[in-house]
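Peer 1: dropping the sequence and predicted coords here.
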Amino acid sequence: MSYYDIDSILTDAQVKLDPSPEKLPCTFELEVPGLGILEGNPGEDIKAGTRIDLPLWLGEMLSIGARLGTSRLVTLDMPDALAERVMNALKADPRTVDLRALAPHFYTLSERILEIFEEEEMVDVLIDTFKKRAAEISDHAHNPRGAVGEGVDFLRGLDETERQLFRAAHDRAKEVRIWAGEAKKK
Amino acid sequence: MAFPLPRGITASEIAFLAEMETVTIVPRQRLEGLELLGGPVEPLIPPRRAALPLWLALLLKRQRRANIMPPPWLHPDSLSLILEVESQHQDYKSAFSPPPPLPGQPSIRDQGLEPTARPQYTLDGNRYYAAPPFLPQNTAQTVVSSRDPPALPYHWVEVGNMLLDVASDDLVDPDQIRRLLKDLREVRMAKMRSGIDVLDDAAIGGGGVALTGVGSMELGEERGFLAGVVDGLRKIGASKEQARREQLAEQRANGGYDGTQDEEEEDYMEF
């Protein structure tokens, strides 16, 4: 993950957009004077026990105290995109889940979340999901007719990482077909 | 994305590299020997066969000054045999048909024999052993060794395609060859993609897909995708890998110092 990686920055920041599902639910454990701006009341204090959805980068920093074992400032919850409900759907059939609707940067988000939480089972579910969907992506990408027909719904539900995979596979296959003279250069 | 080309090399670049391969021609006209950067070309005297780089052979063929002798694997019989091995044989359900043997590598039939590499000599008299891009894998053999089964060389897609393009009248049944090459490519592509299922082992350590015998064009086509999948799996599995390493280091620490502990030490660090 490079410093200027746009997807990494978007994973950090998109959380701030209000309807975004990538927000990180945090509960404040201490009273913080003057931080009410996070809640939308500038100048006020934040009471202990307040629940706010924070951007990933901010929640991550605030939760560091918890990992050091000293006084914790906030406790974190799982974001909606990685809720139990989603995991069950992924276990049932990874191909039918619309990851893009859950979070545009689903995998980058889950990488970051898995750094914070220890979730052995979630890692297994996600790896399995990624593999099954990658195989499907590859099949669609090598379809010379392009993304038409029954594949459209699946391809619309790809998250950003998967879109890059599709693009890599599709562009290369097309390039080789053009070289071999099987397809016309557009 | 400032640079428009994708990572890795493009199809036409791969084809360009394949033009270094040596092929056999039968010249129709005399031609003086040439001093090329890639080595001297012997004088062409019809009807004596000569070994030339593919690009020169294609040039002469286009000018109708020579005929190209197709390599032994570019023959309907060889190709259908390989295709049969690739699609029917039990041992090659998920593996690729083996590449041509390296010099000195004993073939499957005589495994007990001592490997003997035959050295070659440069113009200055220095001894050397030829390595893959410079092996005569695409030359027509005068003595067809019946012991070695036909095998696809590293540049089979490129050489096959270019010969079909330019020298189809020198090949035996070019339409059949074209069909077989297409089938082979599809079978092998499907195998490579079915390998995704075991790729997470490659990301977590140990296991993976054996790509022995895969040609350069096939690698070039799948490189971006496969590398992306492995990278994605590595990132998702990073926390699991971390836990595994910590556990391993703990076991070592409990079992006393065994000399390999130092490299694991850094995994203890947490902030």
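Peer 2: The structure has been received and is ready for your questions.
Peer 1: what's the local residue count around residue 171?
Peer 2: You didn't pick a chain, so chain A it is. Residues contacting A:Asp171 under the criterion other CB atoms under 10 Å in any protein chain shown number 15. All C-beta atoms are positioned from the backbone trio N, CA, C, and that covers glycine.
Peer 1: nope, chain B
Peer 2: Neighbours around B:Leu171, by other CB under 10 Å: 19.
Peer 1: and the closest residue to it other than its chain neighbours, what does it touch?
Peer 2: Leaving aside its sequence neighbours, B:Leu171 sits nearest to B:Pro70 (CB to CB, 6 or more residues apart in numbering or on different chains; 5.1 Å). Shown in contact with B:Pro70 (CB atoms under 8 Å, 6 or more residues apart in numbering or on different chains): B:140, B:163, B:167, B:170-172.
Peer 1: reformat these as TSV; add pLDDT.
Peer 2: Converted to TSV, the contacts of B:Pro70 look like this (pLDDT from 0 to 100):
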residue	pLDDT
B:Ala140	70
B:Leu163	91
B:Ala167	87
B:Asp170	87
B:Leu171	87
B:Val172	86
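Peer 1: I'd like those as a markdown table, with distance to B:Gly8 appended.
Peer 2: Formatted as a markdown table, those follow (distance: CB to CB, whole Å):
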| residue | distance to B:Gly8 |
| --- | --- |
| B:Ala140 | 32 |
| B:Leu163 | 25 |
| B:Ala167 | 29 |
| B:Asp170 | 32 |
| B:Leu171 | 30 |
| B:Val172 | 35 |
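Peer 1: buried subset of those residues, written for ChimeraX?
Peer 2: In ChimeraX syntax, the buried subset of the contacts of B:Pro70 is picked out as below (16 or more other CB atoms under 10 Å in any protein chain shown):
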select /B:140,163,167,170,171
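Peer 1: of the contacts of B:Pro70, which is the nearest to chain A?
Peer 2: When the contacts of B:Pro70 are compared for distance to chain A (CB to the nearest CB), B:Leu163 wins out at 12.8 Å.
Peer 1: surely the closest one meets B:Met69?
Peer 2: No: the pair B:Leu163 / B:Met69 is not scored as a contact, 10.3 Å apart, by CB atoms under 8 Å.
Peer 1: what do the two both touch?
Peer 2: Residues touching both B:Leu163 and B:Met69 (CB under 8 Å, 6+ apart): B:Asp170.
Peer 1: can you give me the helices for the chain?
Peer 2: Just going to use chain A. Taking DSSP state H to define them, one finds helices in chain A at A:6-13, A:56-62, A:64-68, A:84-92, A:99-102, A:106-116, A:120-141, A:151-156, A:160-179.
Peer 1: ah, I was thinking of chain B
Peer 2: B:11-18, B:54-62, B:76-88, B:156-166, B:174-194, B:199-204, B:216-236, B:238-254.
Peer 1: summarise which helices and strands the last one is packed against.
Peer 2: If I follow you right, that is helix B:238-254. Counting contacts by 3 or more CB pairs under 8 Å, 6 or more residues apart in numbering or on different chains; DSSP states H and E, helix B:238-254 packs against helix A:106-116, helix A:120-141, helix B:199-204.
Peer 1: how many neighbours does B:Arg64 have?
Peer 2: 9.
Peer 1: typed the wrong thing, it's A:Ile127
Peer 2: For A:Ile127, using other CB under 10 Å, the count is 19.
Peer 1: same thing with B:Met217?
Peer 2: B:Met217: 24 neighbours (other CB under 10 Å).
Peer 1: ignoring the adjacent residues along the chain, who's closest to it?
Peer 2: B:Val157 (3.8 Å).
Peer 1: is that neighbour in contact with B:Leu219, as I believe?
Peer 2: No: applying CB under 8 Å, one finds B:Val157 not in contact with B:Leu219, separated by 10.1 Å.
Peer 1: so which of these two has more stuff around it?
Peer 2: Higher neighbour count among B:Val157 and B:Leu219: B:Val157, with 26 against 16, using other CB under 10 Å.
Peer 1: low-confidence regions, the chain specifically.
Peer 2: This is for chain A. Counting by pLDDT under 70, the ranges of chain A that qualify are A:1-2, A:13-22, A:65-72, A:144-150, A:183-186.
Peer 1: meant chain B actually
Peer 2: B:1-6, B:102-120, B:123, B:130-134, B:141-148, B:198-208, B:256-271.
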